[in-house]
Each structure stands twice: as C-alpha cells, then as structure tokens.
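*Asks:* Give me a 3D structure for the following:
(one chain, ligands or ions: 1)
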Amino acid sequence: MAHALVLGATGHIGAHVVRALLAEGHEVRAAYRRERYLSVLEGLSLERLRVDFEAPDGLRAALEGCDWVFHAAGYYPPCTERRERAIALGVESTRRLLSQIRRANPQRLLFTSSAATIRRVESRPSTEEDAQPWPSNEGQPLYTTVKVAMEREVLRAHREEGLPVVILNPSVCLGEYDAHAFSGRAILAFAKHRLPFYLGHGFNAVYTGDVGVGHVRAAQQGRLGERYLLTCRNIQVKAFAELVARAAGVPPPRWQLPDAAASLAAGVSEVVAWVTRRPPLLPRQVVHTARRGQYLDGGKALRELSLPQTPLEEAIARALAWFRQHHYL
Ligand SMILES: NC(=O)c1ccc[n+]([C@@H]2O[C@H](COP(=O)([O-])OP(=O)(O)OC[C@H]3O[C@@H](n4cnc5c(N)ncnc54)[C@H](OP(=O)(O)O)[C@@H]3O)[C@@H](O)[C@H]2O)c1
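*Replies:* Here you go, the predicted model:
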C-alpha cells in the first residue's frame with residue numbers, strides 16, 4: 001500500500017485518480033484549492049487538504065510522507081491570455097512545484113500532461129514517438145505550446161536532477177465528476193442541442209475512469225522518464241455527436257461547418273464569452289486543433305500498463321448521467 005498525494009483532486013482527472021487509488025487500498029491525501037468543487041469527493045474515505053500553489057512552501061504539509069505524487073492540477077491557459085505570458089506562467093508554476101516536490105523526495109511523480117503535446121502525422125495515428133519538439137511551431141494552439149513548455153521542464157528535472165517522473169498524456173477525457181465541465185462541454189453542447197453543426201475532423205476520446213487507472217498503473221509499473229498516451233477510440237466529430245445525441249434523446253447536428261465559418265463562429269463565441277464572463281461555447285483553440293484533427297495510437301499504455309478500454313458509449317452515458325444528476329443538463 002502506498003501513500004499518495006493527488007494535486008487537483010477536485011478536477012475531472014484527479015477525482016478519477018483518487019477513486020482508482022482507493023479501489024486498490026492506497027492511502028490518499030486529496031489536495032484541493034476551491035471548496036466549491038469538494039463535492040466530487042463526497043463520501044470518500046481520504047484526507048482532504050487545502051493547498052496554495054502560489055505560496056513558496058505551499059505544498060510542504062501536503063507532501064509530507066507521500067510515496068507517490070500525482071500532479072493533475074496543471075496550468076490551463078485561458079484563451080484570452082497573451083502567448084508569451086501564458087508560456088511564462090506555465091513554466092514558472094511547473095518549476096515552483098517541481099522544486100518543492102524534489103525536496104520531499106517521493107518515489108514517483110506522475111505528471112498529467114495532454115495528448116495535445118503529440119504531433120499530428122499525416123500517414124498514421126500518432127504515438128509517443130511523435131512528441132512535439134521545443135520550441136513548438138508558432139502555428140500551434142496556445143494550449144499545446146504551454147503544455148509542451150511544461151513537459152520540457154519536467155523532463156529537464158528528470159534528466160538533470162534525477163526526479164523520478166512518468167508523464168501521462170490523456171486524450172479527450174469523458175466521464176463522471178467533470179465539475180469544471182471542460183472536456184464535458186462538448187457533450188453538454190450536443191446533448192442540449194446547442195450546436196446545430198459539427199466540425200469535419202476526427203479525434204481520440206477515452207473514459208476518464210480508465211485514465212485514473214492508467215495513472216495508478218504508471219505509478220506501479222511505468223518506466224521513469226517515459227511518457228504514455230492514455231487513449232481509447234479514434235472517432236469523427238460527426239459520429240461522436242450522433243452518439244451523444246442518441247444517448248441524450250435529442251436530434252443529432254445536421255450540418256458540417258466549413259473551416260472558415262468555424263473560425264468566425266469561434267471568434268464571435270469568444271467575444272460573447274468575454275462580455276458575459278462565461279467560457280466560450282466554441283473556443284478558437286478547439287477550432288484550431290480541430291482543423292487538423294488527430295488520431296492516436298495508445299498501444300504503449302495497452303502493452304505496458306494494461307490500460308482498460310471502456311467503450312465510448314459507456315463513457316458518454318456515465319458523463320450524461322452525472323451531468324443530469326448535478327443539474328448541468
Ligand atoms: N479533461 C481532459 O479532457 C484532459 C485531457 C488531457 C489532458 N488534460 C490535462 O489534465 C490536467 C487536469 O485536467 P482536468 O480536466 O482534470 O482539469 P479540471 O477538471 O479543470 O481540474 C483541475 C484541478 O486542478 C486544480 N488546480 C488548478 N490550478 C490550481 C492551482 N493553481 N492551485 C491548486 N489547484 C489548482 C483545480 O482546483 P479547483 O477545483 O479549485 O479549480 C482542479 O482540482 C490539466 O493539466 C489538463 O490540461 C485534461
């Protein structure tokens with residue numbers, strides 16, 4: 001049995017990592033920031049601890065006596081942030097965290113990054129071998145650039161300071177406990193029939209419960225300094241929208257939005273978001289990524305971590321049930 005600290009335990013991925021750890025009998029310390037999201041941990045037998053990442057020593061108490069540290073609370077650049085500033089914030093926050101973690105000397109750091117840091121390859125689904133070089137091209141979405149910069153810090157700490165780290169790169173995560181509704185926004189938009197169109201690309205999606213299990217297996221048997229794509233099914237947006245619409249009992253979207261119209265719609269949606277102070281329905285980053293699409297090959301995690309592969313239909317059903325129960329729908 002290990003003592004595990006989960007940073008970002010009230011997040012979508014963190015909440016599943018916590019459950020995967022508890023299911024195996026590990027002791028869990030759940031680090032959270034805002035109390036309003038603590039409800040995703042309701043009824044679980046674990047230690048809850050508030051942390052402040054900005055304070056120079058804000059993680060000291062949380063890190064005490066931990067064998068494994070799961071960092072699922074990475075910086076998410078808001079779409080309105082300037083590129084250079086967003087990169088600097090991502091790098092600074094990662095460095096600050098790594099230096100505290102290094103001092104605590106855990107057996108393993110499991111760093112949750114994103115499949116967005118993997119390059120698209122024309123001829124085949126991308127693998128871990130296709131990790132973006134640094135600096136990533138100017139044409140990349142802000143999210144990708146910031147995540148690549150953060151990963152670079154983590155890999156540097158592994159190489160130069162011997163930090164025992166494994167990087168996890170989940171694709172789009174779908175499932176319960178998505179209180180922040182970031183990746184769940186797409187499910188909600190199609191389930192509410194708010195997006196009458198779809199984009200003409202493909203992507204990879206995975207059940208978040210499997211991503212949680214993948215994190216725990218990476219702590220047990222992942223190779224240090226390696227990255228693992230945590231993925232499941234490659235699917236076209238049209239087919240995905242139809243699955244969600246069928247599960248929600250609403251009509252599927254009928255039209256494919258051409259790229260230029262999608263960019264325009266995203267621009268408008270971000271202006272509306274800025275005025276209303278609510279997240280954009282169609283962020284430009286999503287359109288930017290969508291235009292290229294990306295299929296992934298997660299064979300390495302299947303072979304080395306025996307990553308479970310829950311069908312996407314079930315992931316969508318679970319997400320919808322949770323959103324309904326918590327009045328998002
Ligand atoms: N969801 C996906 O589809 C997906 C896919 C691939 C990769 N990822 C990556 O995985 C990570 C986790 O994603 P997620 O979807 O689980 O995010 P999420 O649902 O938004 O949760 C983020 C968690 O991190 C905490 N957090 C963020 N900044 C913090 C800070 N400065 N101090 C303390 N706590 C902080 C949040 O606390 P509060 O509850 O207070 O907000 C929350 O618990 C991110 O790095 C994301 O880029 C996500």
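
*Asks:* Spell out which residues of this protein are next to the ligand.
*Replies:* 8, 10-14, 32-34, 37, 51, 53, 72-74, 76, 112, 114, 170, 172-173, 180, 182-183 (C-beta under 6 Å from any ligand atom). Placement of C-beta: from N, CA and C, glycine included.

*Asks:* Okay, and which of these map to strands?
*Replies:* When those are checked against strands (DSSP state E), the matches are Tyr32, Thr112, Pro170, Val172, Cys173.

*Asks:* can you give me the strands in this protein?
*Replies:* 3-7, 27-32, 47-50, 68-71, 108-112, 165-170, 172-174, 197-199, 202-207, 227-230, 233-236, 255-257.

*Asks:* partners of the first one in the sheet?
*Replies:* In other words, strand 3-7. strand 27-32 (parallel), strand 68-71 (parallel) (DSSP bridges).

*Asks:* Turn those strands into CSV, columns for mean neighbour count, mean pLDDT and distance to Ala261.
*Replies:* Formatted as CSV, the strands paired with strand 3-7 follow (neighbours: other C-beta atoms under 10 Å; pLDDT from 0 to 100; distance: least, C-beta to C-beta, whole Å):
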stretch, mean neighbour count, mean pLDDT, distance to Ala261
strand 27-32, 24, 97, 40
strand 68-71, 26, 98, 38
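
*Asks:* Reformat those strands as JSON lines; add distance to Gly267.
*Replies:* JSON lines is the format used below for the strands paired with strand 3-7 (distance: least, C-beta to C-beta, whole Å):
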{"stretch": "strand 27-32", "distance to Gly267": "35"}
{"stretch": "strand 68-71", "distance to Gly267": "33"}
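
*Asks:* quick one: pLDDT of Arg83?
*Replies:* Model confidence at Arg83, given as pLDDT, is 87.

*Asks:* same check, this time on Glu270
*Replies:* The model's pLDDT for Glu270 equals 82.

*Asks:* Is it correct that it is in contact with Pro280?
*Replies:* Yes. At 4.7 Å, Glu270 counts as touching Pro280 under the criterion of C-beta atoms under 8 Å.

*Asks:* which non-adjacent residue is nearest the residue of the stretch 1-150 of the chain found nearest the ligand?
*Replies:* Closest to the ligand within the stretch 1-150 of the chain is Gly11: 2.1 Å, counting by C-beta to the nearest ligand atom. Closest residue in space to Gly11, ignoring its immediate chain neighbours: Ala72 at 5.7 Å, by C-beta to C-beta, 6 or more residues apart in numbering.
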